[in-house]
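K.L.:
sequence plus predicted model, see below.
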Amino acid sequence: MSGLGAEVRKRTDALDSLGNTTAATGKGFAIGSAALTGLALLASYIEEIRIGLTRLGNVDLTFADGSSISVANATFIDFMDYYEVHLMNPKVLSGMFLGSMMAFLFCGLTMNAVGRAAGLKCHSLIYNSKDNMVVLPKGKLAVIDGLEGFLIAESDNVLLICRKDEEHAIRKYVNDAQMQLGDDFI
């Protein structure tokens, strides 16, 4: 495509392969660290349960089959069995689904909030405005340097400034304003 020799293609393919391998390795480390973090959080939660049960005076865990074990000697698996934390438990399964959906919910809410905030901030359209400043919030203010041969159209809440020779572009400006800001400014 670029007209370079086969040696160049061979070297760039090798570099591309190395880059892909490096990216895959980085993703593997990220997934591994996320899994390790999740395991560490779960282990610390179990330790907090052990400390809380000891403070409350519960020194034994009694299972459904009648066997019991002291809280101090209970393992992670013992706590999982005692509290019935397994995938066949509908509370655990629904909690996993709801918990994983919460991340997407909050991401979506954040993106919508950012979009609304950006929409509230931008109530002016600027076309080719080098060395010009146009600010039009509540009280109309227009500071423009070197204004010669321009067309200025003003209504209750709109001030339009364009060159006289580009008068035909007004329809484009009006359509852009209508699409970006709605009918409030038309």
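P.N.:
Cool, the structure landed. Residues are numbered from 1 along each chain as shown.
K.L.:
from residue 106, how far out is residue 97?
P.N.:
Distance from residue 97 to residue 106, counting by CB to CB, to the nearest Å: 16 Å. For glycine as for every other residue, the C-beta is placed from the backbone atoms N, C-alpha and C.
K.L.:
to clarify, my last question referred to residue 50.
P.N.:
Counting by CB to CB - residue 50 and residue 106 are separated by 31 Å.
K.L.:
those two: which has the busier surroundings?
P.N.:
Neighbours per residue, other CB atoms under 10 Å: of residue 50 and residue 106, the larger number sits with residue 50, 15 against 10.
K.L.:
skipping its backbone neighbours, what lies nearest the more buried one in space?
P.N.:
Counting by CB to CB, 6 or more residues apart in numbering, residue 71 is the residue found nearest to residue 50 once chain neighbours are left out, at 5.7 Å.
K.L.:
OK, contacts around that neighbour?
P.N.:
50, 53-54, 58-61 (CB atoms under 8 Å, 6 or more residues apart in numbering).
K.L.:
quick one: low-confidence parts of this protein?
P.N.:
Scanning the chain for pLDDT under 70 picks out the ranges 1-2, 118-159, 164, 167, 184-186.
K.L.:
quick one, strands of it?
P.N.:
Remark: strands assigned in the chain by DSSP state E are 60-62, 68-70, 132-135, 141-144, 150-154, 159-163.
K.L.:
give me the neighbour count for residue 33.
P.N.:
Residue 33 has 10 neighbouring residues, counting by other CB under 10 Å.
K.L.:
for the remainder of this discussion, apply numbering that starts at 54.
P.N.:
Renumbered: residue one is now 54, and that last one reads residue 86.
K.L.:
residue 80 versus that one, what's the distance?
P.N.:
To residue 80, residue 86 is 11 Å away according to CB to CB.
K.L.:
thanks again, I'm all set now.
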